[in-house]
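Novice: here is a sequence together with a model predicted from it:
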Amino acid sequence: QVRLVESGGGPVQAGGSLRLSCAASGRTFSSYTMGWFRQAPGLEREFVSAISWTGSIYYADSVKGRFTISRDNAKNTVYLQMNSLKPEDTAVYYCAARRGGNVYSRSYDYWGQGTQVTVSS
C-alpha cells in the first residue's frame with residue numbers, strides 16, 4: 001500500500017510559478033513510476049508528466065518546456081515545478097504511482113487526494 005499526499009497548490013497569476021510536492025509512504029517508493037495528472041471542472045483527468053523508477057521522464061505536449069518533474073527517492077517525494085503558468089493550467093493536480101505499464105494511462109495503482117492550482121489572468 002502506498003499513500004500519496006500532495007501539497008504546494010494555490011492561487012497564482014499568469015506567468016508565475018508553483019512547485020507541487022507529493023510525499024509517498026512506504027519503503028518501495030524508488031521502484032514506482034510516479035505521475036502527475038490534472039482535472040479541470042467538466043473535463044476528464046489528463047496526463048501531465050511522469051518519471052519512471054529508472055529516471056525516464058515524460059511530459060504532455062501542453063506543458064513541455066514549462067513544467068519539470070523530478071524525484072528524490074531518499075525523501076520519498078516527487079516534485080512538479082511549474083513555470084510560465086497559464087489560466088488553462090487551472091485544475092486539481094493529482095499525484096499517482098504505478099509499477100510499470102503505460103505511463104500516460106490513468107491506470108495507476110495509487111492516487112493522492114489532489115491539490116488545487118488556480119491561475120488568474
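Specialist: On my side now, so go ahead.
Novice: for residue 72, what are its contacts?
Specialist: Residue 72 is in contact with 78, 79, counting by Cβ atoms under 8 Å, 6 or more residues apart in numbering. The C-beta positions use only the backbone N, C-alpha and C, and glycine is treated the same way.
Novice: show the pLDDT at the residue most central in space within the chain.
Specialist: Centroid-nearest residue in the chain: residue 36, 2.4 Å away (criterion: Cα atoms, centre = their mean). According to the prediction, residue 36 has pLDDT 98.
Novice: kindly report the same for the one 3 residues further on.
Specialist: For residue 39, the pLDDT comes out at 98.
Novice: for it, which non-adjacent residue is spatially closest?
Specialist: Nearest residue to residue 39 in three dimensions, chain neighbours excluded: residue 45, at 4.2 Å (Cβ to Cβ, 6 or more residues apart in numbering).
Novice: that neighbour against residue 106, yeah?
Specialist: Yes - the pair residue 45 / residue 106 is scored as a contact, 5.9 Å apart, by Cβ atoms under 8 Å.
Novice: residues shared between the contacts of these two?
Specialist: By Cβ under 8 Å, 6+ apart, the residues touching both residue 45 and residue 106 are residue 37.
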